[in-house]
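**Student:** Make a model of this:
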Amino acid sequence: MLFFPIGLVLVWLSRWNMPTRIIVTSGVAVLLVLSVATSGSPSKATESAQEATSSTEAVTQPPTTTTTTEPSTTTASPTTTPPATAPPTTTAFAPAAATGIQIGPGPQAIYTVQPQPAPGSCHYTSIGSHPLPDPHCTPGAISPQVTQADNNSTIRSRGYTDAIRPPEDITEQEQYASAAGYGYTGPLDVAEYDHLVPLELGGDPNDPANLWVEPPDNPNATSTANTKDLLENKLNDLVCSGRLSLAAARQAIASDPVTAYRTYGGESY
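**Tutor:** Below you'll find the model as predicted:
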């Protein structure tokens with residue numbers, strides 16, 4: 001087969017549209033084409049020639065290196081703000097909402113100085129010349145040991161109030177602090193450190209909710225004597241005689257002693 005005349009080969013290849021440049025430029029290519037052509041598959045011969053050419057080009061060309069630079073992604077850490085530090089708190093008597101008379105701890109074997117409202121946090125009101133306490137600071141407090149059923153052994157018993165009254169060295173310190181809480185700047189020798197619900201009606205002896213510095217209702221006062229003292233005695237008499245309930249007497253004097261005095265008796269209210 002290698003000795004066929006060139007002309008016959010070209011004629012034969014032209015019938016199959018084979019490119020003549022492959023035969024002319026490479027003897028190896030001619031042999032390859034003739035082998036494929038003899039097998040009767042012209043299309044496969046064409047593909048083999050193209051693959052051979054591509055393989056030659058691939059060897060002669062240097063490889064191309066592609067470098068891809070990806071942008072770096074930086075994730076910022078979330079900023080955490082530390083919680084604000086609360087200012088230190090001090091233990092003190094906090095004025096409560098005006099919700100009415102409270103229940104105190106009752107008489108104690110040993111009394112201790114009780115915390116009072118913060119300076120300037122309480123405000124007096126008045127009816128005429130008669131001062132009234134701030135219901136948020138001094139709503140009144142009663143002793144749990146005094147009830148309607150047992151008043152014979154408590155508020156009707158002689159010497160009861162003296163037996164449960166806190167000592168002066170305790171109440172004197174509390175009085176100064178209470179005066180500061182109310183902003184009272186007058187003389188303390190005519191201002192009574194007073195139980196809003198009096199001891200003779202079962203008021204709590206040393207609960208700060210039941211104590212306040214009561215200014216005098218008389219501008220010419222020379223002592224702590226006050227018109228409210230007359231009302232306290234009158235209400236005790238009405239309760240002990242059964243003409244007024246203990247609860248009604250306490251509510252009357254704690255909420256509006258001026259009206260209570262006018263209702264139950266008095267001289268200057």
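
**Student:** Could you pull out the helices in the stretch 51-200 of the chain for me?
**Tutor:** For the stretch 51-200 of the chain, applying DSSP state H, counting those that start in this stretch gives helices covering 160-164, 168-182.

**Student:** my guess is Pro139 meets Gly100, correct?
**Tutor:** Yes - counting by C-beta atoms under 8 Å, Pro139 does reach Gly100; the two are 6.2 Å apart. In short, each C-beta sits where N, CA and C put it, glycine included.

**Student:** So for those two, which sits in the more crowded spot?
**Tutor:** Neighbour count, other C-beta atoms under 10 Å: between Pro139 and Gly100, Pro139 has more, with 22 against 11.

**Student:** re the thing from before, minimum distance to Cys122: which of the helices of the stretch 51-200 of the chain has it?
**Tutor:** Distance to Cys122, taken as C-beta to C-beta, is lowest for helix 168-182 among these, at 4.6 Å.

**Student:** ok, residues contacting that closest one?
**Tutor:** 111-124, 133-134, 137, 185, 188, 191, 193, 206, 208, 211-213 (C-beta atoms under 8 Å, 6 or more residues apart in numbering).

**Student:** Going through those residues, which ones are buried?
**Tutor:** 111, 114, 116-118, 121-122, 133-134, 137, 188, 191, 193, 206, 208, 211-213 (16 or more other C-beta atoms under 10 Å).

**Student:** Could you measure from Ala254 over to Leu230?
**Tutor:** According to C-beta to C-beta, to the nearest Å, Ala254 and Leu230 sit 16 Å apart.

**Student:** And the two? Which one has more around it.
**Tutor:** For Ala254 versus Leu230, the count of surrounding residues by other C-beta under 10 Å is larger for Ala254: 24 against 16.

**Student:** Nearest residue to the more buried one in space, ignoring adjacent ones along the chain?
**Tutor:** Gly140 (3.8 Å; C-beta to C-beta, 6 or more residues apart in numbering).

**Student:** who's in contact with the closest residue to Asn218 other than its chain neighbours?
**Tutor:** Nearest-residue entry for Asn218: Ser129, 7.5 Å, with adjacent residues in sequence omitted and distances by C-beta to C-beta, 6+ apart. Shown in contact with Ser129 (C-beta under 8 Å, 6+ apart): Asp217, Asn218, Pro219.

**Student:** Just confirm the first one is within a strand.
**Tutor:** No - counting by DSSP: H, G, I helix; E, B strand; the rest coil, Asp217 is located in no strand; its state is coil.
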